[in-house]
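> can't give you the sequence, but here's the structure:
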């Protein structure tokens, strides 16, 4: 009697992982996005400006000159709080303030060249930190992260 050779092992086809419950997925994504945002903020921080001040510089870079009211509304803060933020930025020469040409009671805040430089350096630092973390991922994981970024952008645009 001839010894029988064992049949090659047959692996069951890999099934797609089960999609998580929507509530659980929402919690997981919220935590991941918030932790990432928190770390990115710390990577861009300096002794010169706070994260809130960096946000105001970013708003001015994106939207152009703004009144104090527009800035306060965009950041969902009270006017006195925005006044303190803008005063601190102006004291460092990062923004300029001028009287509103149509309403002398209002001030228009504009990004100064030095403020643009601080903002660009902040963005560079955050991107460098993130790139260093992405560098450790496999190509497949990088492709997944790329697709996840696209999906998040699409979700926010709706």
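Here it is on my side, so go on. In this text the structure is predicted, and so the values were computed from the model without any measurement. Residues are numbered from 1 along each chain as shown.

> lowest-pLDDT helix or strand in the chain?
Within the chain, no helix or strand scores below helix 22-44, which has a mean of 89 by mean pLDDT, DSSP states H and E.

> what pLDDT, on average, does whichever strand or helix holds residue 85 get?
Per DSSP states H and E, residue 85 falls inside helix 79-91. Per-residue pLDDT over helix 79-91 has a mean of 95.

> who does that helix touch, helix- and strand-wise?
Under the contact definition 3 or more CB pairs under 8 Å, 6 or more residues apart in numbering; DSSP states H and E, helix 79-91 sits against helix 51-63, helix 68-75, strand 95-99. Backbone N, C-alpha and C define where each C-beta goes, glycine included.

> Buried residues in that helix, which are they?
Neighbour-count burial for helix 79-91 flags 82, 85, 86, 88, 89, 90 (criterion: 16 or more other CB atoms under 10 Å).

> What of stretch 88-103?
Residues of stretch 88-103 classed as buried by neighbour count (16+ other CB under 10 Å): 88, 89, 90, 94, 95.

> How far off centre is it?
Centroid separation for stretch 88-103 versus its chain: 26 Å, with CA atoms, centre = their mean, to the nearest Å.

> got the contact list for it?
48-49, 53, 56-57, 60, 67, 86, 106-112, 114-115, 118 (CB atoms under 8 Å, 6 or more residues apart in numbering).

> Out of those, which end up buried?
49, 53, 56-57, 60, 86, 107-109, 111-112, 115, 118.

> Mind putting those residues into JSON lines with distance to residue 154?
Output for the buried ones among the contacts of stretch 88-103, formatted as JSON lines (distance: CB to CB, whole Å):
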{"residue": "49", "distance to residue 154": "31"}
{"residue": "53", "distance to residue 154": "30"}
{"residue": "56", "distance to residue 154": "27"}
{"residue": "57", "distance to residue 154": "27"}
{"residue": "60", "distance to residue 154": "27"}
{"residue": "86", "distance to residue 154": "34"}
{"residue": "107", "distance to residue 154": "38"}
{"residue": "108", "distance to residue 154": "35"}
{"residue": "109", "distance to residue 154": "32"}
{"residue": "111", "distance to residue 154": "29"}
{"residue": "112", "distance to residue 154": "35"}
{"residue": "115", "distance to residue 154": "31"}
{"residue": "118", "distance to residue 154": "31"}
